[in-house]
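1. Model the following, please.
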Amino acid sequence: MAVKEIKDWTKDIEGIADMDTAALTNLYSEMLATAHDLGYKVPDNLLIETENPEELRPVLAPLHEGIKAHHAELAKQPTKPAREKKAAAKLAVVEKTPKKAAKKASQKGTKEKTMAKAAKTVAEPKAAKKVNAKKAAKKAAKKGSTANARTAVARFTGDEIITVKVKENPAREGSGKFDRMKNLMKFGGKKVGAFLKTELGRSSTLHNAVKAGYISIK
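-> Numbering: from 1, shown residues only. The predicted model follows:
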């Protein structure tokens, strides 16, 4: 299956200096969602829990480059039919042994050893590939669970219900995060769309709160 095309944020990145906080936050969430869809593990230094535009702007360009590079690598990988066709061609070369007249016993034994060695050469990469595929699947599953936690609310319809799991505000009183969490905690049992309509309602606040285990969204 061909790798799906992704959005090119080049023009957005060029204009981040003039973006307001809301636009920067939405762009960051959109890029995180695409990274998750591609199975790209975002470096820790590009994962931030703030809506400060001065901290958001520096991470958007490297995050964009990382996503593009990962997408390019995926596009280079051969599709499943192509891999199967290549493997079948190799096997056909091994099995296509010209028939000759009767050979001496010693020559026959040499031929059988040669064929056995060739068959082993083909089989060993397949076995190794199968083991590597299992390891890759486990690694991808682990990566996917981490990415899901990181981008659990990167995309939403607005009809999801917020469930608040903490009784007290976990943020430091007097900080901007404290005010955002205080606002968020008022929307327990209410829809995401209602929260986002408030002055402090941001998608990144939802994202960070889910990641920290303060709330859940369903």
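
2. So, low pLDDT: which residues of this structure?
-> For the chain, applying pLDDT under 70 flags the ranges 1-2, 79-83, 86, 92-111, 114, 118-131, 133-134, 136-154.

3. Just give me the residue closest to the centre of it.
-> residue 39 (2.0 Å; C-alpha atoms, centre = their mean).

4. Over to that one: give its phi and psi.
-> Here is the backbone geometry of residue 39 (degrees, to the nearest 10): phi 80, psi 20.

5. Same check on residue 180?
-> Dihedral angles for residue 180 - degrees, to the nearest 10 - are phi -70, psi -40.

6. next one: residue 161
-> Dihedral angles (degrees, to the nearest 10) for residue 161: phi -100, psi 130.

7. neighbouring contacts of stretch 167-186?
-> If you take C-beta atoms under 8 Å, 6 or more residues apart in numbering as the criterion, stretch 167-186 is touched by 49, 51, 162, 164, 166, 195, 198-202, 205-206, 209, 212, 214-215. Yep, even glycine has a C-beta here, placed from its N, CA and C like the rest.

8. of the residues you listed, buried ones?
-> Buried by 16 or more other C-beta atoms under 10 Å: 51, 162, 164, 195, 201, 202, 205, 206, 209, 214, 215, out of those.

9. The residues you listed in helices, which ones?
-> Under the assignment DSSP state H, these contribute 195, 205, 206, 209 to helices.

10. list the contacts for the third one?
-> It stands for residue 206. 153, 156, 162, 184, 192, 195, 215, 217.

11. And the first one, by the same measure?
-> Shown in contact with residue 195 (C-beta under 8 Å, 6+ apart): 162, 183, 184, 187, 201, 206.

12. So the first one sits against residue 193, correct?
-> No. Residue 162 lies out of contact with residue 193 (C-beta atoms under 8 Å); the separation is 10.2 Å.

13. Residue 14 and residue 62, how far apart?
-> Counting by C-beta to C-beta, to the nearest Å, the separation of residue 14 from residue 62 is 15 Å.

14. How about residue 16?
-> 12 Å.

15. the more surrounded of the two?
-> A side-by-side neighbour count of residue 16 and residue 62, using other C-beta atoms under 10 Å, places residue 16 first with 17 against 13.

16. hmm, back to that, using JSON lines, lay out the contacts of residue 195 together with distance to residue 58.
-> As requested, those are exported to JSON lines (distance: C-beta to C-beta, whole Å):
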{"residue": "162", "distance to residue 58": "30"}
{"residue": "183", "distance to residue 58": "27"}
{"residue": "184", "distance to residue 58": "26"}
{"residue": "187", "distance to residue 58": "31"}
{"residue": "201", "distance to residue 58": "25"}
{"residue": "206", "distance to residue 58": "23"}
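
17. and which of those is nearest residue 89?
-> residue 206 (51.3 Å; C-beta to C-beta).

18. This protein: helices as residue ranges?
-> Going by DSSP H, the chain shows helices at 10-14, 21-38, 53-76, 80-95, 105-150, 176-185, 192-196, 203-212.
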